[in-house]
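> Sharing a model prediction with you, sequence too.
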Amino acid sequence: MIVLLSLDSNTLKSLLLQSNPNEDSISEEQSAPPTTWSGPVSYGQAVKKAAPSVVNIYNLKPTPTRRFPLIDDPLFRHYFNNADQMRQQRLQSTLGSGVIVDNRGYILTNNHVIESAVEIVVLLHDGREALADIIGTDPESDLAVLKINLPALTPIELGNPNSVNIGDVVLAIGNPFGVGQTVTQGIISATGRYGLDLNRYENYIQTDAAINPGNSGGALVDAYGYLVGINTAILDNTENTVGISFAIPSDQAMKVLYNIIENGRVIRGWLGIAAQPISAMLGSAIGLERGNGVVVTELYRGGPAQLAGLLRGDIITHIDDQPVGNGRASMNQIGEKKPGDLVNLSIIRNARQFVVTAQLAEKPLISR
C-alpha cells in the first residue's frame, strides 16, 4: 500500500536534516549561482549604444581596365588607334566602415578604405546617406578623417584602451563583405602589438573577434559599448579572419583626428636618425640585455640627433629612461611627442656611457 504525503518546505527540510546528521545546515544560498560575476549576460545594450555611431562607407575607386592581349600586335594595332576604351578606367565600388566620433560629423576610418576614392558615400545606421569630404589622412598609422553634414548624429562614447585587459570581452561592429552592419564577439588576446610591418607606427590591440574585409575602419567596443579601438587589419593572406585581428587604440586614433582637424595633417616628433637593432654578439660584448638597443646607422644633416652630438655607431639604449628594445616601440614613443619637446638619450660610445638631450623637430618632407 502506497501513501502519498503532502509536506511543506519546512517539514521537508527537517526530514533532510535528520537523514544527514553530518550537515549543519542546508540553505537556499548553497544552491544559488555565485554572485561575484559582474559582467553583462547579454551584450544587447552595448550594441544598442554603439551601433548608431558605426557607418558603412561606399567608395568609388578608379581601377585600370584589363589590357587587350593583341593591342601591341602590328597586325591589330590600327584597330585600337581610334578607340579610347582601352585607356579608360572603370569605377569599382568598394566597402568599408567608419565611426562617428563627433556630433559635427567627423568620422574615423582607415586610410586604406578611402585611399584613391573618387566619391565617398556614407550610409548611417538609420538609413540616411550623405556624401563625405576627406578632411585628412595619415598613411603612417592607416587612419583617415571624413566629415558629413547631417543633423542629429550619434557620436560614439569613448572608452579607455589603457584600462583594457587580456581576456576582456570586446565587440567588433562593421560591414563585413557588404552584408550590412554586423556584430561579432571575442576577447582581447594581446595589447601593445607592434613590429608587424603593417604600418610605420604600430601599437595594436589584438582580438579574436571575427573581423573580415569590410570591417576595416569599424568600431571595437567593450562589453558596455564604449569605443576602445578602430578595427584595422587581419593576420591572413587570404583576407579571411583566422582569429587574430588588430585594432588601433581609440585614444591614439583620436590624437590623429585632432591633429588632422587642427593642422590638416599629423605632426609628430622626429629625431632624425636611421637605426637598426644591435646583434646578439655585439650586445653580449658590451654587456647589454638581449634585444635592448639600436645602433645609429645614419644621421640626417641638421636633424635633432646630429645637433645633440650623436655620431654614427652610437648605441642608444634608453629614451627618457625607457628601454628602446628593438627600436619599434621607441619610434612610437618619439612620434607621440611634439616638435620642440626634449628627450634624454642614453648612449654607449667606445664603451663609455653618457646621456645627451635632443630637441625634437618636425620631419621635413624630404629629409637629409
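That came through fine.
> Please make it C-alpha for all contacts and neighbour counts, starting now.
Will do.
> Check which residues of the lengthiest helix in the chain are buried.
Ranked by residue count under DSSP state H, the longest helix found in the chain is helix 250-263. By 16 or more other Cα atoms under 10 Å, the buried positions in helix 250-263 come out as 250, 251, 253, 254, 256, 257, 259, 260, 261.
> likewise stretch 127-144?
129, 131-139, 141-144.
> distance of residue 141 from residue 363?
Residue 141 sits 15 Å away from residue 363, going by Cα to Cα, to the nearest Å.
> That should have said residue 147, apologies.
Taking Cα to Cα as the measure, residue 147 falls 27 Å from residue 363.
> Neighbour count: these two, which is higher?
residue 147 (20 against 15; other Cα atoms under 10 Å).
> pLDDT score for the nearest residue to that one once chain neighbours are set aside?
Closest residue to residue 147 apart from its sequence neighbours, by Cα to Cα, 6 or more residues apart in numbering: residue 106 at 4.5 Å. Note on residue 106: pLDDT of 98.
> now residue 1
pLDDT, the model's per-residue confidence, is 43 for residue 1.
> Report the buried residues of stretch 160-170.
For stretch 160-170, by 16+ other Cα under 10 Å, it's 161, 164, 169, 170.
> Nearest spatial neighbour of the third one, chain-adjacent residues omitted?
The shortest distance from residue 169 to any non-neighbouring residue, by Cα to Cα, 6+ apart, is to residue 187 (4.3 Å).
> what do you get for the last one?
Among residues not flanking residue 170 along the chain, residue 222 sits closest, at 4.5 Å (Cα to Cα, 6+ apart).
> remind me which residues of this structure are low pLDDT?
By pLDDT under 70, the weakly predicted segments of the chain are 1-40, 62-92, 195-198, 235-242, 289-291, 326, 366-368.
> Please repeat the previous calculation with a cut-off of 80.
Counting by pLDDT under 80, the chain contains low-confidence residues at 1-41, 60-92, 94, 194-202, 233-243, 279-292, 325-329, 365-368.
> Distance across stretch 318-327, terminal residue to terminal residue?
Taking Cα to Cα, stretch 318-327 runs 10 Å from one end to the other.
> Buried ones in it, by neighbour count?
For stretch 318-327, burial by neighbour count (16+ other Cα under 10 Å) applies to 318, 319, 323, 324, 325, 326, 327.
> and the two most separated of these?
319 and 326 (12.4 Å; Cα to Cα).
> who's in contact with the residue nearest to residue 147?
100, 145, 146, 147, 148 (Cα atoms under 8 Å, 6 or more residues apart in numbering).
> between those, which is nearest residue 210?
For the contacts of residue 106, the nearest to residue 210 is residue 100 (21.4 Å; Cα to Cα).
> Give me the spatial nearest neighbour of the closest one, chain neighbours excluded.
Residue 100 sits nearest to residue 107 (Cα to Cα, 6+ apart), 4.4 Å away.
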